[in-house]
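fold the following and give me the result.
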Amino acid sequence: MNTSFFSTKKKLGILGGGQLGKMLLQCTRTWDIYTKVLDADSQAPSRLACDEFHIGSLNDFDTVYQFGKDCDVLTIEIEHVNVDALIQLKNEGVLVHPDPEALAIIKDKGSQKMFFRTHDFPTSDFMLYANKSEVLSALESGVISIPFVQKSRRDGYDGKGVLIVKSTEDLSALMDTECVIEDAVNLQMEIAIIAARNANGQVVCFDAVAMDFVEGANMLDLLLYPVVPNEQIINQAKEIAKALIEKLNICGLLAVEFFIDVNDQLLINEVAPRAHNSGHQTIESSETSQYEQHIRGILNLPLGSTMVKIPSAMVNLLGAEGYTGDVFYENIEVCMAKEGVHVHIYGKKLTKPFRKMGHVTVTNQSLEEAKKIALWVKQQLQVKSL
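Next up, the predicted model:
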């Protein structure tokens, strides 16, 4: 058991200083773990909660390498980092989580899908293309057909880099980049399972969440936790998540998003080797939050209980359409007056349409009541500009 990080000079480095890093740091502050954070934004949400804050590009080899050299353990809160630097640091003895080789697979959605196919993990049928012209040629020759989903192989986040093509009119928005073309799934619902693992090989899973997304933006809108549409399917999803985190040799977290189609078939959509939007509610709802669990996993500590203390619904606070500038949270006091409403503000000073500015978790012994209140919060609490 590695307890040497508590109240010592050992350093935990975090690549990325956004809201996920900020919530990781709430755990490290509780345990008095020395942390340093790297982010390109001088106003990143994590800047106030770490011991050292460094400004620099996460994609620059030298910046990432120099940042990580004096870290004892290095982790991420976003996939878009220089993997070559992480491999070099790993070779020089820095413990890097997730493993850089696994991260290289995951950050490229084409490689990710090929990994699923090679290792017989269930996923929707797909093909890889180099550019828009190749996609249009495949469509013209009948190799692919509408409807389909186009995903950029690299650098997608928060719904960016994803296009759902439902008709020929949507083809004008095709991305001219290396991409994955996936068959459209006749969808019943979307769920996510977050698995956790430590170096001793202990693996646990949080219960499943159901997810609804913002139409057109492909961003998480409403989450319900826990959800059991079919106990057999949920157990199968947990076994797949456990097998995936072991096959990828990941310590820390692996969030696995699944489609359940109308025939009750389970298909992996995509994965993320870090704290995830589908796990925010664990802060209030679970015995151990996903953020604490990630720290436990990467420091090879015993993993915490994933027991659900109380059901919850979660909504993202997204910048309202038509508003850009200094942020103003309309009706936030009204929402905070309601029992069971937990507001999380990320610390981003400027809002713009669909930018993630915070989230609200609603806890209630009745999941249906939690959902009802969360939808009310979604209507009331508007993220606007002054």
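
tell me the buried residues in stretch 67-84?
Across stretch 67-84, burial judged by 16 or more other Cβ atoms under 10 Å covers 67-68, 71-79, 81-83. All C-beta atoms are positioned from the backbone trio N, CA, C, and that covers glycine.

try stretch 59-69
Thr63, Val64, Tyr65, Phe67, Gly68.

nearest residue to the middle of this structure?
By Cα atoms, centre = their mean, the chain has its centre lying nearest to His276, at 2.9 Å.

tell me the domain ranges of this protein?
The record's domain parsing of the chain by automatic domain parsing lists 11-96, 125-183, 196-385.

helices of the protein, start to end?
Along the chain, counting by DSSP state H, helices occupy 19-30, 61-68, 83-91, 100-107, 109-118, 132-141, 231-247, 282-285, 290-298, 332-336, 367-380.

closest one to Ala102 among the domains of the chain?
Ala102 lies closest to domain 196-385 among the domains of the chain, at 4.2 Å (Cβ to Cβ).

need phi/psi at Arg153.
Note on Arg153: its backbone torsions stand at phi -70, psi -30 [degrees, to the nearest 10].

looking at it, it is touching Lys109, isn't it?
Yes. With contacts counted by Cβ atoms under 8 Å, Arg153 reaches Lys109, the gap being 5.1 Å.

anything in contact with each of those two?
Val180 (Cβ atoms under 8 Å, 6 or more residues apart in numbering).

of the two, which one has the most company?
For Arg153 versus Lys109, neighbours defined as other Cβ atoms under 10 Å are more numerous around Lys109 (25 against 20).

pretty sure Lys107 contacts Leu86?
No. The criterion here is Cβ under 8 Å, and Lys107 misses it with Leu86 at 11.0 Å.

out of the two, which sits in the more crowded spot?
Taking other Cβ under 10 Å, Lys107 and Leu86 do not tie; Leu86 has more neighbours (26 against 21).

quick check: closest non-adjacent residue to that one.
Pro100 (4.0 Å; Cβ to Cβ, 6 or more residues apart in numbering).

what pLDDT is listed against Leu157?
Residue 157: Tyr, not Leu. For Tyr157, the pLDDT comes out at 71.

could you report the neighbour count for it?
By the criterion of other Cβ under 10 Å, Tyr157 has 13 neighbours.

distance of Phe5 from Cys27?
12 Å (Cβ to Cβ, to the nearest Å).

my error: substitute Asn59 in the last question.
Separation of Asn59 from Cys27 (Cβ to Cβ) stands at 27 Å.

same thing with Leu12?
According to Cβ to Cβ, Leu12 stands 10 Å off from Cys27.

shared neighbours of these two, anything?
Here Leu12 and Cys27 have Ile295 as joint contacts, going by Cβ under 8 Å, 6+ apart.

looking at these two now, which is surrounded by more residues?
Applying other Cβ under 10 Å to Leu12 and Cys27 shows that Leu12 carries more neighbours, namely 24 against 20.

now do the same contact list for that one.
Applying Cβ under 8 Å, 6+ apart, the residues contacting Leu12 are 5, 28, 33-36, 71-75, 295, 298-299.

Gln382 too?
Gln382 neighbours (Cβ under 8 Å, 6+ apart): Ala320, Tyr329, Glu330, Asn331.

again, but for Glu182
Listed by Cβ under 8 Å, 6+ apart, the contact set of Glu182 reads Lys113, Ser124, Asp125, Phe126, Phe148, Val149, Lys151.

which of those residues fall within strands?
Those of the contacts of Glu182 mapping onto strands are Phe126, Phe148, Val149, Lys151, per DSSP state E.

wouldn't the first one be in contact with Ile181 here?
Yes. Counting by Cβ under 8 Å, Phe126 does reach Ile181; the two are 6.4 Å apart.

okay, now the closest residue to Glu101 other than its chain neighbours: neighbour count?
Nearest residue to Glu101, sequence neighbours excluded (Cβ to Cβ, 6+ apart): Ile87, at 7.5 Å. By other Cβ under 10 Å, 16 other residues sit near Ile87.

from memory Ile87 sits against Pro100, does it?
Yes. Between Ile87 and Pro100 there is a contact under Cβ under 8 Å: 4.6 Å.

picking up where we left off before, which two among the ones in strands among the contacts of Glu182 are spaced furthest apart?
Largest separation among the ones in strands among the contacts of Glu182 by Cβ to Cβ: Phe148 and Lys151, giving 10.2 Å.

if we can go back for a sec, including pLDDT, could the contacts of Gln382 go into JSON lines?
Putting the contacts of Gln382 into JSON lines (pLDDT from 0 to 100) gives the following:
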{"residue": "Ala320", "pLDDT": "96"}
{"residue": "Tyr329", "pLDDT": "98"}
{"residue": "Glu330", "pLDDT": "98"}
{"residue": "Asn331", "pLDDT": "98"}
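
select only the buried ones of the residues you listed in PyMOL?
Of the contacts of Gln382, the buried ones can be selected in PyMOL as follows, counting by 16+ other Cβ under 10 Å:
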select buried, resi 320+329
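
report the two of the contacts of Gln382 separated the most.
Ala320 and Asn331 (12.1 Å).

if we can go back for a sec, between the contacts of Leu12, which is nearest Glu246?
Nearest to Glu246 among the contacts of Leu12: Ile298, at 15.8 Å, using Cβ to Cβ.

output the below-cut-off pLDDT ranges for the stretch 1-150 of the chain.
Within the stretch 1-150 of the chain, the segments meeting pLDDT under 70 span 1-3.
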